[in-house]
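Undergrad: how would this look folded up:
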Amino acid sequence: MDGGRAAAQPDPAPEPVPWIQRLLDDEFFLLGVGLMVPVLLYIVWGLMELAQVPLFPR
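TA: Numbering: from 1, shown residues only. Okay, here's the model as predicted:
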């Protein structure tokens, strides 16, 4: 006898990991995003500043 305990049931199938958790667990993805966002923002900011510079008069 097993001392009155219920029979051990097998563990259910593990639930799939959500895609957002897999994405945010990826260190290289986070590193890439952390580098690309400021680079892109500074490029856009620079282009906006260049667009405001008056043209050289002839």
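Undergrad: Look up the closest residue to the residue nearest the centre of the chain, ignoring the ones flanking it.
TA: In the chain, the C-alpha nearest the mean C-alpha coordinate belongs to L24, at 4.6 Å (C-alpha atoms, centre = their mean). Using C-beta to C-beta, 6 or more residues apart in numbering and skipping residues adjacent in sequence, the residue nearest L24 is L30, 7.1 Å away. (Each C-beta comes from the backbone N, C-alpha and C, glycine too.)
Undergrad: M36 versus that neighbour, what's the distance?
TA: Remark: distance between L30 and M36 (C-beta to C-beta, to the nearest Å) = 11 Å.
Undergrad: on that earlier part again, so the residue nearest to L24 touches V37, yeah?
TA: No. Using C-beta atoms under 8 Å, L30 makes no contact with V37, being 10.8 Å away.
Undergrad: Could you look up the next helix or strand downstream of the helix or strand of the chain at the bottom of the mean pLDDT ranking?
TA: Least confident helix or strand, the chain: helix 19-24 with a mean of 94, by mean pLDDT, DSSP states H and E. Later in the chain than helix 19-24, the nearest helix or strand by DSSP states H and E is helix 27-52.
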